[in-house]
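> Structure, please.
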Amino acid sequence: MLVVSRKVSESVVIGDDIEVIVTEIGSDRVKIGIKAPRGIPVMRKELLETKKLNREAGTAASKEDVGRFKDMLKLKGGDR
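Modelled structure (predicted):
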């Protein structure tokens with residue numbers, strides 16, 4: 001991991017196309033701006049992890065589980 005010190009308006013360049021700019025420094029956080037080509041996704045890590053967990057949760061149920069759930073819903077709906 002590269003660790004660098006930057007002041008407001010200073011930047012770090014990644015490859016030829018990505019620039020990370022320090023826009024503001026506060027007491028407990030640093031705001032950064034990221035310039036990257038449109039084709040390169042830029043996402044906060046916690047959102048990427050949530051997206052991955054949601055994808056895994058969506059594929060975790062087997063066809064049998066889904067079938068049993070549908071049957072349960074049908075039974076519950078018939079009681080009305």
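> Please work out the average pLDDT along stretch 11-29.
On average, the pLDDT along stretch 11-29 is 96.
> ends of that stretch, how far apart?
Taking C-alpha to C-alpha, to the nearest Å as the measure, stretch 11-29 stretches 16 Å from start to finish.
> again, but for stretch 29-44
Terminal-residue distance, stretch 29-44 (C-alpha to C-alpha): 15 Å.
> Stretch 19-30 now?
End-to-end distance for stretch 19-30, by C-alpha to C-alpha: 16 Å.
> Same check on stretch 6-26?
13 Å.
> got the buried residues for that stretch?
By neighbour count with 16 or more other C-beta atoms under 10 Å, stretch 6-26 contains the buried residues 20, 21, 22. (C-beta placed from N, C-alpha, C; glycine too.)
> Who are the contact partners of the last one?
Going back to what we said before, that points to residue 22. Applying C-beta atoms under 8 Å, 6 or more residues apart in numbering, we find residue 22 in contact with 6, 7, 8, 9, 10, 11, 30, 31, 32.
> ok, the stretch of helix or strand it belongs to: who's next to it in the sheet?
In the assignment (DSSP states H and E), residue 22 maps to strand 18-25. Strand 18-25 pairs in its sheet with strand 11-14 (antiparallel), strand 30-35 (antiparallel), by DSSP bridges.
> May I see those organised as a markdown table, with distance to residue 45 added?
As requested, the strands paired with strand 18-25 are exported to a markdown table (distance: least, C-beta to C-beta, whole Å):
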| stretch | distance to residue 45 |
| --- | --- |
| strand 11-14 | 15 |
| strand 30-35 | 13 |
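> Kindly export the strand or helix carrying residue 65 (C-alpha atoms) in CSV.
Using DSSP H and E, residue 65 sits in helix 63-78. Extracted in CSV, the C-alpha atoms of helix 63-78 (Å, rounded to 0.1, in the frame of the first residue of the first chain):
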residue,chain,number,x,y,z
LYS,A,63,-35.0,-24.2,-6.5
GLU,A,64,-36.5,-26.5,-3.8
ASP,A,65,-36.5,-23.6,-1.3
VAL,A,66,-38.2,-21.3,-3.7
GLY,A,67,-40.8,-23.9,-4.5
ARG,A,68,-41.6,-24.5,-0.8
PHE,A,69,-41.8,-20.7,-0.3
LYS,A,70,-44.3,-20.4,-3.2
ASP,A,71,-46.4,-23.3,-1.7
MET,A,72,-46.4,-21.5,1.7
LEU,A,73,-47.6,-18.3,0.1
LYS,A,74,-50.4,-20.2,-1.8
LEU,A,75,-51.6,-21.8,1.4
LYS,A,76,-51.6,-18.5,3.3
GLY,A,77,-53.5,-16.8,0.5
GLY,A,78,-56.1,-19.5,0.5
